[in-house]
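My questions are about this predicted structure, shown below with the sequence.
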Amino acid sequence: MASGLMLVVQPLTGLPGEVLELVQFGPAVGVAVVALVRPSQVRGLLTAGGARGPRGAVLLSALAIIAVAVAGSLLLHGSVPVRDPNGLVAPFWVVAVAQFVGACGEEIGWRCFLQPLLRTRFGPLGSSVAVGLLWGCWHLQIFAAAPAYAAGFLAATTAMSVLLGLAWERIGAHRLLVAGGFHTLVNLGMLLFLDEESGAVEPMVLFGVAGVLVALPWVLAALRPARTDRLATT
């Protein structure tokens with residue numbers, strides 16, 4: 001409901017969506033509403049964390065997703081539609097900061113609240129897949145595009161959710177900053193190097209494939225200890 005309201009309000013503000021989309025704060029509003037009912041549970045989920053882990057690797061994975069998608073475009077066409085940062089509707093640093101704020105507005109709901117909540121029932125992998133699909137479907141506009149476009153986007157959100165969910169098993173505090181940074185790097189990379197906003201199918205499919213490929217090592221690394229434990233008990 002909050003997301004729908006913000007979509008209505010956005011045009012009235014005159015704020016360019018390229019700088020910041022108010023709808024990104026919908027998940028944060030959802031968390032705030034739940035906090036009014038169950039404050040201690042929300043506080044526990046938002047502050048939960050394990051040992052210090054590979055935060056830098058998470059951020060590098062965001063860059064890797066864009067790099068793989070760009071490499072795919074180069075292989076197919078020999079060129080990439082690079083956008084000049086000076087051609088944005090606002091200075092690049094303003095766009096980057098606003099994108100980070102908006103990304104944190106989303107991630108406080110997806111990665112900091114819903115994902116750890118579902119993990120208590122479905123485990124790291126199951127909860128990550130569920131949140132990735134919900135996160136993707138929340139972007140309702142993708143279903144107005146070609147089926148392959150929507151499939152590529154859902155593959156990307158699910159893969160990125162799995163990557164972050166498995167990384168959370170090894171990351172302690174500052175999860176919001178890491179998730180927000182990851183989300184921001186991906187968004188900026190798409191803004192500058194991919195032409196998916198035009199509705200073109202190929203860039204979105206490349207984005208989905210890139211997300212799956214970059215998430216795969218995280219999945220294999222997570223499965224390796226479990227396989228080792230099983231061998232040790234036989």
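Perfect, thanks for sending it. Every value quoted in this text rests on a predicted model; they were computed, and no experiment measured them.

secondary structure class for residue 15?
The three-state label given to residue 15 by DSSP: H, G, I helix; E, B strand; the rest coil is coil.

residues near residue 220, how many?
When neighbours are counted by other C-beta atoms under 10 Å, residue 220 registers 10. (Glycine included, C-beta is placed from N, CA and C.)

what about it, distance to residue 73?
26 Å (C-beta to C-beta, to the nearest Å).

Buried residues, stretch 13-27. List them.
Across stretch 13-27, burial judged by 16 or more other C-beta atoms under 10 Å covers 19-27.

Mind checking the pLDDT average for it?
The average pLDDT for stretch 13-27 rounds to 93.

For the residue most central in space within the chain, which residues are in contact?
In the chain, the C-alpha nearest the mean C-alpha coordinate belongs to residue 183, at 4.8 Å (C-alpha atoms, centre = their mean). Applying C-beta atoms under 8 Å, 6 or more residues apart in numbering, we find residue 183 in contact with 62, 103-104, 106-107.

Mind giving me the PyMOL command for buried ones among those residues?
Selection of the buried residues among the contacts of residue 183 in PyMOL, burial being defined by 16+ other C-beta under 10 Å:
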select buried, resi 62+103+104+106+107
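
how about JSON lines for the contacts of residue 183, with distance to residue 137 and secondary structure added?
Below are those laid out as JSON lines (distance: C-beta to C-beta, whole Å; DSSP: H, G, I helix; E, B strand; the rest coil):
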{"residue": "62", "distance to residue 137": "22", "secondary structure": "helix"}
{"residue": "103", "distance to residue 137": "18", "secondary structure": "helix"}
{"residue": "104", "distance to residue 137": "21", "secondary structure": "helix"}
{"residue": "106", "distance to residue 137": "14", "secondary structure": "helix"}
{"residue": "107", "distance to residue 137": "17", "secondary structure": "helix"}
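
Need the contacts of residue 183 in a markdown table (columns: distance to residue 162 and pLDDT).
Below are the contacts of residue 183 laid out as a markdown table (distance: C-beta to C-beta, whole Å; pLDDT from 0 to 100):
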| residue | distance to residue 162 | pLDDT |
| --- | --- | --- |
| 62 | 14 | 97 |
| 103 | 18 | 96 |
| 104 | 20 | 95 |
| 106 | 17 | 95 |
| 107 | 15 | 95 |
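
other SSEs contacting the worst-scoring helix or strand of the chain on mean pLDDT?
When the helices and strands of the chain are compared on mean pLDDT, DSSP states H and E, helix 201-232 comes out lowest with a mean of 83. Applying 3 or more C-beta pairs under 8 Å, 6 or more residues apart in numbering; DSSP states H and E, one finds that helix 201-232 contacts helix 55-77, helix 115-138, helix 147-168.

pLDDT of the last one, averaged?
To tie it back to what came earlier, the one meant is helix 147-168. For helix 147-168, mean pLDDT rounds to 95.

Could you name the helices and strands sitting against it?
Applying 3+ C-beta pairs under 8 Å, 6+ apart, we find helix 147-168 packed against helix 55-77, helix 115-138, helix 175-193, helix 201-232.
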